[in-house]
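**Q** Next one to model:
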Amino acid sequence: MPPQTIEVRTAAFPDLTTRTFHDLLKLRIDVFVVEQNCPYPELDGRDVEPGTRHLWLADGGAPLAYLRILADPGGVARIGRVVVAPHARGGGYAGRLMTEALALVGDRPCVLEAQSHLVGFYARHGFTVSGLEYVEDGIPHTPMRRDPAL
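**A** So this is what the prediction gives:
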C-alpha cells in the first residue's frame, strides 16, 4: 500500500469532530502523561477557548504530530502541547508543524515553554530564551519568545 499524503489540518474546538478530538488527546496523553511519566491534568480548559487553534499533521486521518496555539493576553500567541507520535519521530514533522504554526501566528509575538533539551530546535524557528530554566513535572523547561520581524 503506498504511503498516505500527509495533510496539515487546523481547527477551532467547535470544528473538531469527536473522533478527531479523541485521537489528538490520545496522542498527547500517550506521550506527555504515559511516555514522559507526568501525571498532570491534560484537560486544562484551554482547548475550548475561542482563540485556541488546534494544528496537526495527519496521515490517512491519524494524527502524526500536533500542537495548539493559544491566544494569551495582549495579542500574544502561545504555542504548546507540541508532540510527535513515537513512530513518526525523525521524519521532520515537528519542524513542518512549527513552520505551519508560525504562518498562522503571523506578525504576533509568540511564546512557548520548551522542554530544555529542545531549546535548539525552537531557536531554529526564531525563538530566543526569555527566562530562567525551571522544572515542571520533573522535566526541565525554558521559556522562549519570538517577536515579529520589524
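**Q** Toward the C-terminus, what is the element adjacent to the helix ranked longest in the chain?
**A** The residue-count maximum for a helix in the chain (DSSP state H) belongs to helix 93-105. Once the chain leaves helix 93-105, the next helix or strand it forms, by DSSP states H and E, is strand 110-115.
**Q** so residue 72 bridges to which residues?
**A** Per DSSP bridges, the residues bridged to residue 72 are residue 76.
**Q** Now do the contacts for residue 67.
**A** 55, 56, 79, 80, 81, 82, 83, 97, 98, 101 (C-beta atoms under 8 Å, 6 or more residues apart in numbering). All C-beta spots, glycine's among them, are computed from the backbone N, C-alpha and C.
**Q** Next, it: secondary structure please.
**A** At residue 67 the chain is in strand, as set by DSSP: H, G, I helix; E, B strand; the rest coil.
**Q** so what's it closest to, chain neighbours aside?
**A** Using C-beta to C-beta, 6 or more residues apart in numbering and skipping residues adjacent in sequence, the residue nearest residue 67 is residue 82, 4.4 Å away.
**Q** Same question for residue 119.
**A** Among residues not flanking residue 119 along the chain, residue 142 sits closest, at 5.3 Å (C-beta to C-beta, 6+ apart).
**Q** same thing with residue 48?
**A** Closest residue to residue 48 in three dimensions, ignoring its sequence neighbours and counting by C-beta to C-beta, 6+ apart: residue 13, at 4.6 Å.
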